[in-house]
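**Q** Below is the sequence, then the predicted model.
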Amino acid sequence: MKHTYTVTGMTCEGCVASVQEKLSGLDGVTDVSVDLETSTANITMERHISLEEFSAVLPNKYGIQESQSEVVSTVGEMMGEKSKWAQLRPLFLIFAYLFAASILLNYKNWNTAEAMLDFMGLFYIVFSFFKFLDLKGFPESFRMYDPLAKAIPMYGWIYPFLELGLGLLFLMRVQVTAALILTVVILGVTTIGVTKTLLDKKNIRCACLGTALKLPMTEATFIENAIMLVMAFWMLIESGLV
């Protein structure tokens, strides 16, 4: 069953992440999607859950009221899936631009390793930019699925700067080996969290492009990380370090 509720008291994406995390942890809840603009929460549940139970898990600053109660039909689910892929369009466009830029920078004297370094550098620079647009809200969204950010909250604040630094190292060809190893570590940890979220079938927002773009966590997020990990491993193998 999927029901829509009105949630009051939310003022930023950090609030959205907090509400979504609290509601997702309630026994019987399978999916939660919270929208700041409409102040709504779409909750899919295995059993009937009362408003009192929802209110009990939310901090006092938030209020929750039932605005709609209906079973979502199969057609409705299909429409929701369609809109999810429409939301991922910005991510696909960014990847297309990054691949095109990497090819154009190296097509005259083609070198696969150099093109990969350019792609990885541009990837980190662009993705860090979107995170810097909302440094306050990003850590809350990021720790919902990244294991290290959950364990060490400060890591969520450092991560955008870490991405920016790695991007500069790749583009400037400085300490490339160290940057590759760090890429394997940090994206490996994130990929573990993404995989767990997908297996648990939780409906949460991906923080890969910060909170500026409302991207759902899907298989595309896993593929995004996998591309970077494959490139990093390939270059470490070529250099004889793996």
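**A** Happy to help now that I have it.

**Q** ok, which stretches of the chain are helices?
**A** Along the chain, the segments classed as helices by DSSP state H run 13-24, 51-57, 74-87, 89-106, 112-132, 138-142, 147-151, 153-172, 176-199, 219-238.

**Q** how about the ones you listed, which one is nearest Gly63?
**A** helix 51-57 (7.5 Å; C-beta to C-beta). All C-beta atoms are positioned from the backbone trio N, CA, C, and that covers glycine.

**Q** what's the spacing between the closest one and its chain's center?
**A** 27 Å (C-alpha atoms, centre = their mean, to the nearest Å).

**Q** Could you pull out the buried residues of it?
**A** 54, 57 (16 or more other C-beta atoms under 10 Å).

**Q** same deal with stretch 136-149?
**A** In stretch 136-149, counting by 16+ other C-beta under 10 Å, buried: 137-146, 148-149.

**Q** could I get the residues you listed as a markdown table with distance to Asp118 and pLDDT?
**A** Putting the buried residues of stretch 136-149 into a markdown table (distance: C-beta to C-beta, whole Å; pLDDT from 0 to 100) gives the following:
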| residue | distance to Asp118 | pLDDT |
| --- | --- | --- |
| Gly137 | 30 | 79 |
| Phe138 | 25 | 84 |
| Pro139 | 29 | 86 |
| Glu140 | 32 | 81 |
| Ser141 | 28 | 80 |
| Phe142 | 26 | 85 |
| Arg143 | 31 | 83 |
| Met144 | 31 | 82 |
| Tyr145 | 28 | 85 |
| Asp146 | 26 | 88 |
| Leu148 | 27 | 91 |
| Ala149 | 28 | 89 |
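
**Q** and the two most separated of the residues you listed?
**A** Gly137 and Leu148 (18.5 Å).

**Q** is it true that Leu105 touches Asn111?
**A** No: counting by C-beta atoms under 8 Å, Leu105 does not reach Asn111; the two are 10.3 Å apart.

**Q** between those two, who's got more neighbours?
**A** Per other C-beta atoms under 10 Å, whichever of Leu105 and Asn111 has more neighbours is Leu105, with 14 against 10.

**Q** residue contacts, the more buried one?
**A** Going by C-beta atoms under 8 Å, 6 or more residues apart in numbering, Leu105 touches 115, 118.
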